[in-house]
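Undergrad: I'll drop the sequence and a predicted model, then ask my questions.
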Amino acid sequence: MPDQPKWFQTTAIDYPNSRPHIGTAFEKVGADVQARYRRMEGYAVFFLMGNDENTVKVSKRAAELGQDTQAYCDGMARQFREVWDALDISYDTFIQTSSERHKACCRKFIQKVYDNGYIEKGSYEGWYCDGCEEFKSDKVHTENAGNCPTHRRPLVRRAEPCYLFKLSAFQDRLLAHYKANPDFIQPESRRNEMISLIETEGLRDVNISRTGEDWGIRVPFDPEFTIYVWFDALLTYITGIGYGDDEATFRRYWPADTHFIGKDITRFHCALWPAMLWAAGEEAPRKVFSHGFVNNNGQKMGKTLGNIVDPMEIIARSNADAYRYFFLRECPYPSDGDYSGQRYEEVYTTDLGNTYGNLLSRVVTVAAKSLGGVLPGTAGRPPEPVAAGFDPAALVDEVRGHVENCRYNQALAAVMQKVLYPANKYVDETKPFTVVKTDPAAASRILFNLTEPLRAASILLKPFIPRSAETVYAALSFAKPWADVRYADAASPEVPAADLRVTAELVDGKPRPLFPRLG
RNA sequence: CGCGGCGUGGAGCAGCCCGGUUAGCUCGCCAGGCUCAUAACCUGGAGGUCGUAGGUUCAAAUCCUACCGCCGCAACCA
């Protein structure tokens, strides 16, 4: 496919100073839906994730544990990938910023920015704490009466040489870029925030170097210094697709189609990052999507509160699809959402168990037990709609729009409300289980009509709950291979060449419950 | 005057950008039905001054203004 459109997306790369939690996972799950959707729609997708390791915090954490920093990072990367794999996150590559390749490519980029005149030597002065070994903001200084809040010691004024990236030089260009590209920052509220930030506060040059650190990437033109973590972390997005040593791949995928990030790091991605790229003569990414946060029982999650939830605990209780469904259905991706065990069970039972899974059971069981697993008289004919006035093409357009704009909760709501609820209602109205006793042909038609919402819903749900959707699709002898289905296939019914058959594995004449009740 | 978000029946949300049918959905509650299915499913019902006060309009949950209340960020914690 020479003209196949490409789709390059990334998530933020995580600090491996603690294990992933349901907040970090929220981002990956949302990004994964997009990646899976784009693959379905025929894009050549490249989905990049990774860990952000070149930071003092990581080396400190490793030291605390008495481990070699690199070994610690590798171990954490393994743990992160275990969680992402358990959630069926379909990333194509996972970058560790401590890898030699990343470092080498990173240096090339920085050298280029330096050669282009956007990095210059300067001096950074601020309030320094010897205990924390870091600078504190003026605000911390004034609010704590000149002391370090953690060490209760006076902060000292300290100046040190550094390298500054001339971010201020790009202020006007950034503003013009935001205005010329309304979709560059999503959702819109974040865009307004960034515009107002630049218009009111403006952008200052940023210190992109650190001294006295062993761990990290050396500044190529002055090895006394290491590169400040943000400047190196963002570069993952291009080193991960070949910047620096694989020009062809890089040119194929860059610019990124979407960077998925948390709302807290919007400014790094929307201001610093495009400016860095421009400084090196590259294009800005096409879109930055800032998602919301997940609370735990209405409370903010944090180490200090000790209320962090590990995704693996939830998966162990249910499964990856249920996990994905809950967060995507309950937490509006652009805004904040809330997790609670009770709500999780509620959503699981209602939508997945009672509505989707149970509909399959209702249809397949009757077909298997009373019609021998075949729906006679269905070859060569299209199913009839189960609800009057239902427009499948319009629904597909609606869901597609929601997915492309990351309104996942609304996409899922639409599938439930417009396809699956009406289908269950149709079963009650038409009573195929009664009809089958006197008029098997009529019952066959009713059941056949019901296979269509199952098929359509499964296609639309494929990016969200890939395993379950496949199980449902595979329960009936639909002609089109699962790997080939696209959203457009949900817009019009499939006409079977031969009578539709039940292909699900049956136990006692019934399919195994897709989403058994949580014990 | 730092920035931003939110306030819709008991709980959680959608609708608001592009004003216009009886304000929609899930859960919960009450009553009934059904029995194919995962104690499931369907129907009906109670319950809402759409934060408050003004304004624009033939018409406002929806647009404008002011105010009240809650929350987040800014300050390592995604």
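TA: In hand now; what should we look at?

Undergrad: from here on, just use CA atoms for contacts and neighbour counts.
TA: Noted.

Undergrad: which ones are touching the nearest residue to A:P5 once chain neighbours are set aside?
TA: Spatial nearest neighbour of A:P5, excluding adjacent residues (Cα to Cα, 6 or more residues apart in numbering): A:Y43 at 5.1 Å. Each residue near A:Y43 by Cα atoms under 8 Å, 6 or more residues apart in numbering is listed here: A:Q4, A:P5, A:K6, A:W7.

Undergrad: keep only these that also lie close to RNA strand B.
TA: Counting by Cα under 7 Å from any atom of the strand, the subset of these that neighbours RNA strand B is empty.

Undergrad: these into CSV, with extra columns for pLDDT?
TA: Output for the contacts of A:Y43, formatted as CSV (pLDDT from 0 to 100):
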residue, pLDDT
A:Q4, 92
A:P5, 95
A:K6, 97
A:W7, 97
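
Undergrad: give me the below-cutoff pLDDT ranges for the stretch 51-200 of chain A.
TA: Low-confidence segments of the stretch 51-200 of chain A (pLDDT under 70): A:131-134, A:137-140, A:142-145, A:148-151.

Undergrad: now the helices for it?
TA: A:56-64, A:69-86, A:100-115, A:138-143, A:171-180, A:188-196 (DSSP state H, counting those that start in this stretch).

Undergrad: so in chain A, where's the weakest helix or strand by average pLDDT?
TA: Ranking every helix and strand in chain A by mean pLDDT, DSSP states H and E puts helix A:138-143 at the bottom, with a mean of 67.

Undergrad: the stretch 151-300 of chain A: strands as residue ranges?
TA: Here the stretch 151-300 of chain A has its strands, by DSSP state E, counting those that start in this stretch, at A:156-165, A:185-186, A:206-207, A:209-211, A:225-227, A:258-262, A:288-291, A:294-296.

Undergrad: does RNA strand B have contacts with the last one?
TA: What it means is strand A:294-296. Yes: applying Cα under 7 Å from any atom of the strand, one finds strand A:294-296 touching RNA strand B at A:V294, A:N295.

Undergrad: if you average pLDDT over that strand, what comes out?
TA: Summarised as a single mean, pLDDT over strand A:294-296 is 85.

Undergrad: need the strands for the stretch 301-450 of chain A, in chain order.
TA: A:337-339.

Undergrad: name the residues of it found near RNA strand B, please.
TA: A:301-304, A:330, A:332, A:335, A:337-338, A:346-347, A:350, A:352-363, A:365-366, A:410, A:413, A:417, A:421-422, A:424-425, A:427-429, A:431, A:433-434.

Undergrad: need the buried ones from these selected in ChimeraX.
TA: The ChimeraX selection below is limited to those of these classed as buried (16 or more other Cα atoms under 10 Å):
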select /A:301,330,332,337,338,347,352,353,354,355,356,357,358,359,360,361,362,363,365,366,410,421,422,424,427,433
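
Undergrad: contacting residues around the closest residue to A:R501 other than its chain neighbours?
TA: With sequence-adjacent residues excluded and distances taken as Cα to Cα, 6+ apart, A:R501 is closest to A:V374, at 4.4 Å. Going by Cα under 8 Å, 6+ apart, A:V374 touches A:A367, A:A368, A:D499, A:L500, A:R501, A:V502.

Undergrad: returning to what we had before: okay, the strands of the stretch 151-300 of chain A in JSON lines with distance to A:K462 and mean neighbour count next?
TA: JSON lines is the format used below for those (distance: least, Cα to Cα, whole Å; neighbours: other Cα atoms under 10 Å):
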{"stretch": "strand A:156-165", "distance to A:K462": "44", "mean neighbour count": "17"}
{"stretch": "strand A:185-186", "distance to A:K462": "24", "mean neighbour count": "22"}
{"stretch": "strand A:206-207", "distance to A:K462": "43", "mean neighbour count": "20"}
{"stretch": "strand A:209-211", "distance to A:K462": "45", "mean neighbour count": "19"}
{"stretch": "strand A:225-227", "distance to A:K462": "42", "mean neighbour count": "24"}
{"stretch": "strand A:258-262", "distance to A:K462": "20", "mean neighbour count": "22"}
{"stretch": "strand A:288-291", "distance to A:K462": "22", "mean neighbour count": "26"}
{"stretch": "strand A:294-296", "distance to A:K462": "24", "mean neighbour count": "22"}
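
Undergrad: out of those strands, which comes closest to A:D508?
TA: Each of the strands of the stretch 151-300 of chain A has some distance to A:D508 by Cα to Cα; the shortest is strand A:294-296, at 41.0 Å.

Undergrad: any idea whether A:F46 is helix, strand or coil?
TA: strand (DSSP: H, G, I helix; E, B strand; the rest coil).

Undergrad: interface residues of the stretch 151-300 of chain A facing RNA strand B?
TA: So the stretch 151-300 of chain A meets RNA strand B at A:189-190, A:192-193, A:196-197, A:261-265, A:292-295, A:300 (Cα under 7 Å from any atom of the strand).

Undergrad: list buried residues within these.
TA: Buried among these (16+ other Cα under 10 Å): A:R190, A:I261, A:G262, A:K263, A:G292, A:F293, A:V294, A:N295.

Undergrad: and the most far-flung residue of chain A relative to its centre, how far from A:G373?
TA: In chain A, the greatest distance from the average C-alpha position (Cα atoms, centre = their mean) is reached by A:T438, at 50.7 Å. The spacing between A:T438 and A:G373, counted by Cα to Cα, to the nearest Å, is 17 Å.
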